[in-house]
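>>> have a look at this prediction, sequence included:
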Amino acid sequence: MSKFKKKKSGELPAISTASLPDIVFMLLFFFMVATVMRQNTLMIENRLPVADQVEKLDKKGLIMYIYAGKPSSRYRASAGNQARIQLNDKFAELSDIKPFILAERADTREELVNSLITALKVDGKTNMGLVGDIKKELREVQALKINYSTRVGNALENISN
Amino acid sequence: MARRSAPTVNAGSMADIAFLLLIFFLVSTTIETDYGISRKLPPPNQEPTDAVVRDRNLFQVELNQFDELLVEGEIMKVDGLKKAAIAFLDNGGGTGKLLCEYCKGSHDATSSDNPNAAIISLNNSRETSYEAYIAVQNELIGAYTTLRNREARRLYGVSFVEMEELLKETKGEKEREVLKKRIVNIREMFPQKLSEANPVN
């Protein structure tokens, strides 16, 4: 009889957590392998327009990012209300683009310089004037391969809202 | 001498450490890949040439500061632009040297002679919004892609977009050569002649 009593009186055995670290490490390694470090902290609003005739940008190392848009709310007091350019975590002027491109080129291996692509991450509400000025600077410094970064979707949504 | 077993390290906090690292990586990395419309800018300081482009071979698209679209002098909604651009490019109204054998358009005498001669000119104001500009670019490139897909399917049985995807995956030297030749051939049938003027005012 005592056999049966013993079983009933005991509480549920605790689940072993010994393999928990292994599971978490597995997740950790997955994320370390599958992701890349965030490059820039955005200081501007950056809601990209939508398009469907898009290409995927694969080689992360060969992309130069130029951001543009209105300063986000926390920077509005110091940076103003007008659309600004952001390069590498800092607000920049049009004249800073050329040095930026040249610096990026100097950082790239020589044989790959020709395949550098400039990705323009421009907020949808920005005026084309600013974008045109950026393109003019890029032309002058011979950075001719550009990519208008977009979200993937139906392009007609851009106009309606 | 009594043999003392080495004290075991308590591994209970290992999970906490791993979690900490995991959360750090979750926050500081991104998994997203970028998508976008690839374009090539014209080289700087091009000498303006006096090349005569016949009016019928020019398809004028204008975007004003209120994001309104003017196509060949008529107001148009963006959703009609692709169809209009296809009709213009595929018109094939030329004869003799400019004859276009693969064009399936209406052969209108007031529209383009040949896809090789057809130029789309895009104008925008400085106050045009970037969204509208991208929408128009997208529709125009979409027109070219549609036509290229059609011809690629007719000649090789696969669409142009599929051929470009295939080129990325193909490893064999010979197959790549063949594929590249085909892609170039299709590109030459409908070359992207998209001219953008510097915005005035």
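Yep, it's here.
>>> C-alpha from now on. contacts and neighbour counts both.
Will do.
>>> count of residues packed around the nearest residue to residue A:139 once chain neighbours are set aside?
Spatial nearest neighbour of residue A:139, excluding adjacent residues (Cα to Cα, 6 or more residues apart in numbering or on different chains): residue B:44 at 5.4 Å. Applying other Cα atoms under 10 Å in any protein chain shown, we find 14 other residues in the vicinity of residue B:44.
>>> double-check that residue B:44 belongs to a helix.
No: remark: residue B:44 does not belong to a helix; assigned using DSSP: H, G, I helix; E, B strand; the rest coil, it is coil.
>>> residues contacting it?
By Cα atoms under 8 Å, 6 or more residues apart in numbering or on different chains, the residues touching residue B:44 are A:139, A:140, A:142.
>>> number of residues surrounding the last one?
For residue A:142, the number of neighbouring residues by other Cα under 10 Å comes to 15.
>>> contacting residues for it?
Residue A:142 neighbours (Cα under 8 Å, 6+ apart): B:43, B:44.
>>> confidence score at it?
Listed pLDDT for residue A:142 reads 88.
>>> the one 5 residues further on too?
According to the per-residue confidence, residue A:147 scores 91 in pLDDT.
>>> helices of the chain, start to end?
Reading this off chain A. For chain A, the helices defined by DSSP state H occupy A:2-9, A:20-34, A:76-79, A:97-107, A:128-140, A:157-160.
>>> switch to chain B, please.
With DSSP H as the criterion, chain B has helices at B:14-28, B:81-89, B:130-156, B:160-169, B:173-189.
>>> give me the beta-bridge partners of residue A:68?
Here residue A:68 sits in beta bridges with residue A:85, residue A:122, going by DSSP bridges.
>>> correction: the previous question concerned residue B:75.
With DSSP bridges as the criterion, residue B:75 is bridged to residue B:70.
>>> what's the neighbour count on it?
Using other Cα under 10 Å, residue B:75 is surrounded by 13 other residues.
>>> and if you look at residue A:108?
Neighbours of residue A:108 under the rule other Cα under 10 Å: 14.
>>> contacts only, for it.
By Cα under 8 Å, 6+ apart, residue A:108 lies in contact with residue A:62.
>>> now residue B:63
By Cα under 8 Å, 6+ apart, the contact list for residue B:63 reads B:69, B:70, B:122, B:123, B:124, B:125, B:128, B:133.
>>> beta partners for the third one?
On DSSP bridges, the residues paired with residue B:122 through beta bridges are residue B:61, residue B:196.
>>> so it makes contact with residue B:61?
Yes: with contacts counted by Cα atoms under 8 Å, residue B:122 reaches residue B:61, the gap being 4.9 Å.
>>> ok, of the contacts of residue B:63, which come out buried?
For the contacts of residue B:63, a burial check counting by 16 or more other Cα atoms under 10 Å in any protein chain shown picks out B:69, B:70, B:122, B:123, B:124, B:125, B:128, B:133.
>>> show the pLDDT at residue A:130.
90.
>>> distance check, it against residue A:102.
Computed with Cα to Cα, to the nearest Å, the distance linking residue A:130 and residue A:102 is 21 Å.
>>> looking at the two, which has the bigger crowd around it?
residue A:130 (20 against 12).
>>> can you name the residues that contact the more buried one?
Counting by Cα under 8 Å, 6+ apart, residue A:130 touches A:83, B:126.
>>> in chain A, where is pLDDT below threshold?
The model of chain A has pLDDT under 70 over residues A:1-10, A:160-161.
>>> and what of chain B?
Under the criterion pLDDT under 70, the flagged ranges of chain B are B:1-2, B:46-50, B:198-201.
>>> using JSON lines, lay out the helices of chain B together with distance to residue B:8.
Below are those laid out as JSON lines (distance: least, Cα to Cα, whole Å):
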{"stretch": "helix B:14-28", "distance to residue B:8": "14"}
{"stretch": "helix B:81-89", "distance to residue B:8": "72"}
{"stretch": "helix B:130-156", "distance to residue B:8": "63"}
{"stretch": "helix B:160-169", "distance to residue B:8": "52"}
{"stretch": "helix B:173-189", "distance to residue B:8": "59"}
